[in-house]
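1. build me a structure from this.
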Amino acid sequence: MLWVEWYLSSFHAGRQGSVAKKPYNPIIGETFHCSWRLSPTENGTSPQDGGTARGENTTATENGANDEVLLTYCAEQVSHHPPISAFYFECPDKQICMNASIYTKSSEIELLKLDEEYIFGLPSAYARSILTYPWAEMGDKITFTCPQTNVSANITFHTKGETKSIDVNNLEIMRKRVRPLKSQGEFESRKLWQHLEERQREGERHRKETQTAFPTKYFHKEGDAWIYNSILQNENNKQVS
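-> Numbering: from 1, shown residues only. Next comes the predicted model:
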């Protein structure tokens, strides 16, 4: 099942190097935007990024070949306690979009040309040996379903068990394109993290005291999921109507 292979190949470390670094959460309201220009006939290319509102980057250029396919990415930190990062991929040329968030019960990929929707969960991450040589592993039982075709798959992430792996070294990793600092919004990652920290805590205290929610910019909450405000399917429906 092609989608299961894609799903499993996504869980590998994207950052090279053997030295572990202390993770930290993006601040609430922080956003990150980037894009890739892909060959329309390239099958093995896969932009391997996690679902956080921050990422390594290269400066974007506005020039690109006309036959290239554009893949765009938008992420926003929609909650601080608990920390939740919502993110959205879109490829209009292929009529594919993905809406997901870290900490939600389910995520989805939509194949608009086929009118198919694949719903899946994300496994839990466990931090090990944090006082010595830190490392992390995934562990959980995940269900992958497509309501339109009634196709489903059950995936178990075993902790410290025997594994069957996909060699992600055979996947070509495309560098993302990011706008220059001067062209970014005030809440985009690189610009935002020039200064900061106490202002974030103060805002969190104020919202807690006044019982007000942070006004997210690109995502809204539906049940336990965070949904992108202008998903590809909605935009198409607007054009039809």
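
2. name the residues that touch the longest helix along the chain?
-> For the chain, the helix that runs over the most residues, judged by DSSP state H, is helix 198-210. Helix 198-210 is contacted by residues Ile27, Ile28, His80, His81, Ala213, Phe214 when judged by Cβ atoms under 8 Å, 6 or more residues apart in numbering. Using the backbone N, CA and C atoms, a C-beta is placed for each residue, glycine as well.

3. rerun at 7 Å
-> The contact list for helix 198-210, computed with Cβ atoms under 7 Å, 6 or more residues apart in numbering, reads Ile27, Ile28, His80, Phe214.

4. nearest spatial neighbour of the last one, skipping sequence neighbours?
-> This means Phe214. Ile28 (5.1 Å; Cβ to Cβ, 6 or more residues apart in numbering).

5. torsion angles phi and psi at the one you found?
-> When read as degrees, to the nearest 10, the backbone of Ile28 gives phi -60, psi 140.

6. residues contacting it?
-> With Cβ under 7 Å, 6+ apart, Ile28 has these contacts: Gln77, Ser79, His80, Gln200, Phe214.

7. please spell out the PyMOL selection for the buried subset of those.
-> Selection of buried members from the contacts of Ile28 for PyMOL, criterion 16 or more other Cβ atoms under 10 Å:
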select buried, resi 77+79+80+200
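
8. what's the most distant pair in the contacts of Ile28?
-> Ser79 and Gln200 (12.7 Å; Cβ to Cβ).

9. picking up where we left off before, got JSON lines for the contacts of helix 198-210, with secondary structure, distance to Gln148 and pLDDT too?
-> Listed next are the contacts of helix 198-210 as JSON lines, based on DSSP: H, G, I helix; E, B strand; the rest coil; distance: Cβ to Cβ, whole Å; pLDDT from 0 to 100:
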{"residue": "Ile27", "secondary structure": "coil", "distance to Gln148": "38", "pLDDT": "84"}
{"residue": "Ile28", "secondary structure": "coil", "distance to Gln148": "36", "pLDDT": "86"}
{"residue": "His80", "secondary structure": "coil", "distance to Gln148": "36", "pLDDT": "79"}
{"residue": "Phe214", "secondary structure": "coil", "distance to Gln148": "35", "pLDDT": "88"}
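
10. which one among those residues gets closest to Arg179?
-> Ile27 (19.5 Å).

11. wait, what's in contact with that closest one?
-> So Ile27 contacts Gln77, Leu196, Gln200 (Cβ under 7 Å, 6+ apart).

12. list just the nearest of those residues to Val178.
-> Gln77 (17.0 Å).

13. am I right that that closest one is in a helix?
-> No: per DSSP: H, G, I helix; E, B strand; the rest coil, Gln77 lies outside any helix segment and is strand.

14. CSV for the contacts of helix 198-210, including distance to Glu222?
-> What follows is the contacts of helix 198-210, written out as CSV (distance: Cβ to Cβ, whole Å):
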residue, distance to Glu222
Ile27, 23
Ile28, 19
His80, 20
Phe214, 17
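
15. ok, what's across the strand from Ala225?
-> Here Ala225 sits in beta bridges with Glu222, going by DSSP bridges.
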